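Engineer: fold the stuff below for me.
(one chain, ligands or ions: 1)
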Amino acid sequence: MTKPIFGLASNGKKNLLSGSAPSGNLTIGNYIGAIKTWGELQAEFNCYYMVVDLHSITTRQDPKLLRERSLSFYAQYLACGLDPEKNKIFLQSHVSEHAELAWVLNCFTPFGDLTRMTQFKDKSAKHPKNINSGLFTYPVLMAADILLYDAHLVPVGEDQKQHLELTRDIALRFNNEFGETFAFPDPFIGKVGARIMALQEPTRKMDKSDPNANNTIYLLDDPKLITKKCKSAQTDSGSEVRFAEDKPGVANLLTIYSVLSGLTIPQVEEKFVGKMYGHLKVELAELVCATLAPVQARHADLMKNQDYLHSVMQKGADLAAEHAAKTLARVYDKLGFIPKGARK
Ligand code: AQP
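Structural biologist: Sure, this is the predicted structure:
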């Protein structure tokens, strides 16, 4: 007989968790690689989607901007189609158990394991004046995010795979010592793990905190700016609209077109046979604008209705906290902490 899966939701569904840090503005890369897919998963899984504001302060944030962005990220999640009735959508800092479990897990994470995290090395190189301990222990907070909700599945990009491995090591270590306490998370590999690249430097990922805004299409960019960015995207030598490794610029534009149109790459190539890069750029700009127009309109409406936004946010946090509190109580009990008010 196969062992039952630990931590399944009461409806028998697996838990899935993901999030994005409000450390820049959401991009078409976030949309294609994450938020669009999250929306498609909400029927199949018990989903937890966070705005991971605690993570964002590993690099310095302007408090006013952080507040604005966190709210706007939340509204953008909803505007992109995430349903607050079907998912737990919340701000990470609204559920204090994240920070509490992270402390516990820190005590179960060998220092040497953290020194091997490549993202720490990359981010330290990027921010040499602010190599703080939070940046170093960031993967432990991410482990807490995942383990708090018994997440069985975590959609992760290439850059987060090592952190998920670390989470699995921590869970295994704890479970081996104290008996089954945490569900064991697996990476969720989506249908098309499209990775969107920077428009001006198409050999690296489009990044929401890129200092060069021309590399990035933001979800809230106005149509004129989107058109300008698409038109000035770097393309390659030659003129044939073809997907090839030695044509990273064109391949990137074709990928965006393919995902947003629902056509396969060969179908998109076929559409542009005999046409120039310029045609692709113009049509891509139109497609991106048409995709983002309803998102931007819904976002604008939501931002005008802050009472609604805050009430949904509160509800999401309350639902998430219910689950998180149970996990933390289980952990504290295993560790030998006396529950508050245990004997009155
Ligand atoms: N260019 C991209 N193509 C495809 N998917 C992408 N994602 C991000 N950029 C692309 C996916 O979006 C989710 C959130 O990713 P993130 O990189 O914004 O993650 P983060 O932890 O919020 O950001 P960082 O790296 O901590 O901070 P910044 O971006 O400010 O440097 C992920 O699922 C990712 O795969």
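Engineer: please put the alpha-carbon coordinates of stretch 196-216 into CSV.
Structural biologist: The C-alpha atoms that make up stretch 196-216 are tabulated as CSV, following Å, rounded to 0.1, in the frame of the first residue of the first chain:
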residue,chain,number,x,y,z
ILE,A,196,11.5,35.7,-21.0
MET,A,197,14.8,37.5,-21.6
ALA,A,198,15.8,41.2,-21.3
LEU,A,199,14.9,43.1,-24.5
GLN,A,200,18.2,44.8,-24.9
GLU,A,201,20.4,41.9,-23.6
PRO,A,202,18.4,38.8,-24.7
THR,A,203,21.0,36.4,-23.3
ARG,A,204,19.9,37.2,-19.7
LYS,A,205,16.6,37.0,-17.9
MET,A,206,14.1,39.9,-17.9
ASP,A,207,14.3,41.1,-14.3
LYS,A,208,11.9,43.3,-12.4
SER,A,209,14.6,45.3,-10.7
ASP,A,210,16.7,45.9,-13.9
PRO,A,211,18.1,49.4,-13.7
ASN,A,212,17.6,49.7,-17.5
ALA,A,213,13.8,50.0,-18.0
ASN,A,214,14.2,49.4,-21.8
ASN,A,215,15.1,45.8,-21.0
THR,A,216,11.7,45.2,-19.4
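Engineer: can you list contacts of it?
Structural biologist: 20, 23-30, 32-33, 59, 157, 159, 195, 217-218, 229-230, 232-234, 248-249, 251-252, 255-256 (CB atoms under 8 Å, 6 or more residues apart in numbering). No exception for glycine: its C-beta is placed from N, CA and C like everyone else's.
Engineer: redo that, cut-off 6 Å
Structural biologist: Ser23, Gly24, Asn25, Thr27, Gly29, Ile32, Lys229, Ala233, Gln234, Pro248, Gly249, Asn252 (CB atoms under 6 Å, 6 or more residues apart in numbering).
Engineer: do you know how far the residue of the stretch 51-200 of the chain found nearest the ligand is from Lys340?
Structural biologist: Proximity of the stretch 51-200 of the chain to the ligand (CB to the nearest ligand atom) peaks at Gly157, 2.7 Å away. Gly157 sits 39 Å away from Lys340, going by CB to CB, to the nearest Å.
Engineer: cool, and Ile89?
Structural biologist: Applying CB to CB to Ile89 and Lys340 gives a distance of 29 Å.
Engineer: do Lys304 as well
Structural biologist: Taken as CB to CB, the span from Lys304 to Lys340 is 41 Å.
Engineer: and the residue in the chain positioned nearest to the ligand, what's its pLDDT?
Structural biologist: Taking CB to the nearest ligand atom, the ligand has its nearest neighbour within the chain at Gly33, 1.8 Å off. Listed pLDDT for Gly33 reads 89.
Engineer: close to the ligand: what parts of the stretch 1-150 of the chain are there?
Structural biologist: Ser18, Ser20, Ala21, Ser23, Gly24, Gly29, Asn30, Ile32, Gly33, Ala34 (CB under 6 Å from any ligand atom).
Engineer: check contacts around the last one.
Structural biologist: If I follow you right, that is Ala34. Taking CB under 6 Å, 6+ apart, one finds nothing in contact with Ala34.
Engineer: what's around Leu66, how many residues?
Structural biologist: 16 (other CB atoms under 10 Å).
Engineer: good, wrapping up.
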